[in-house]
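In: Can you look at this prediction? I've put the sequence above it.
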Amino acid sequence: MIRVGKVFTALSSVFTKIIDGDLPAHFVHRDDTAVAFMSIEPLRPGHVLVVPVTEVDHWLDLDQTTLAHLVVVSQRIGLAIADAFPSQKVAMMIAGLEVPHVHIHLVPIDGVHDLDFSNATAAEQGELAAAAQSIAVALAG
């Protein structure tokens, strides 16, 4: 299968529905190319997803400008996560198996075990709002 330059638009992904405002989310960033919002099933508190506005299934299919922008946005938000949720590192991971729309996971971690998706748990809306607020404060500071 040749994927280069392919954009999949047959059905809107859950992330497209979030971006379009059809589903709720706690955003920490939004521009014309990328959004970032709190994961509803965080691996750890402070888990953020950075997502391109354009729905593309596989990160290898992103144009270089969009990919570079996602990384720059991820670094900026990662620094804010590090301030708001102290940990040994802030991990950046692209897995892409959960939703067919590119997304970068930013997770404050103290060990590799913190990246085990079997440990993800549904978060309360209040927890997500508080986490988003903490990150927003760090981004503003």
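Out: Here it is on my side, so go on.
In: going forward, measure contacts between C-alpha atoms and count neighbours the same way
Out: Noted.
In: residue ranges with poor pLDDT in this protein?
Out: Using pLDDT under 70 as the threshold, the predicted model of the chain has low-confidence ranges 1-10.
In: can you give me the strands in it?
Out: Listed in chain order, the strands of the chain (DSSP state E) span residues 27-30, 34-38, 48-52, 89-93, 104-109.
In: Of those strands, which stretch is the most buried?
Out: Across these, the average number of neighbours (mean count of other CA atoms under 10 Å) peaks for strand 48-52, which reaches a mean of 27.
In: Kindly list the longest helix within this structure.
Out: Counting residues, the longest helix found in the chain (DSSP state H) is helix 64-84.
In: Any idea how far it is from the middle of the chain?
Out: What separates the centre of helix 64-84 from the centre of its chain is 10 Å, taken as CA atoms, centre = their mean, to the nearest Å.
In: if we look at that helix, which residues are touching it?
Out: Contacting residues not belonging to helix 64-84 are listed as 33-34, 46, 50-52, 59, 89-90, 92, 104, 106, 108, 134-136, 138-139 [CA atoms under 8 Å, 6 or more residues apart in numbering].
In: so the residue most central in space within the chain bridges to which residues?
Out: With distances taken as CA atoms, centre = their mean, residue 49 lies nearest the centre of the chain, 0.9 Å away. The partner list for residue 49 in beta bridges (DSSP bridges) reads residue 37, residue 105.
In: wait, doesn't it sit right on residue 106?
Out: Yes. Under the contact definition of CA atoms under 8 Å, residue 49 touches residue 106, with a separation of 6.3 Å.
In: any chance of the strands of the chain in CSV, plus distance to residue 66?
Out: Conversion of those to CSV gives the following (distance: least, CA to CA, whole Å):
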stretch, distance to residue 66
strand 27-30, 14
strand 34-38, 8
strand 48-52, 7
strand 89-93, 16
strand 104-109, 13
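In: Quick check: which of these is nearest to residue 127?
Out: The minimum distance between residue 127 and the strands of the chain falls on strand 34-38, with 9.9 Å, by CA to CA.
In: No further queries at this time; thank you.
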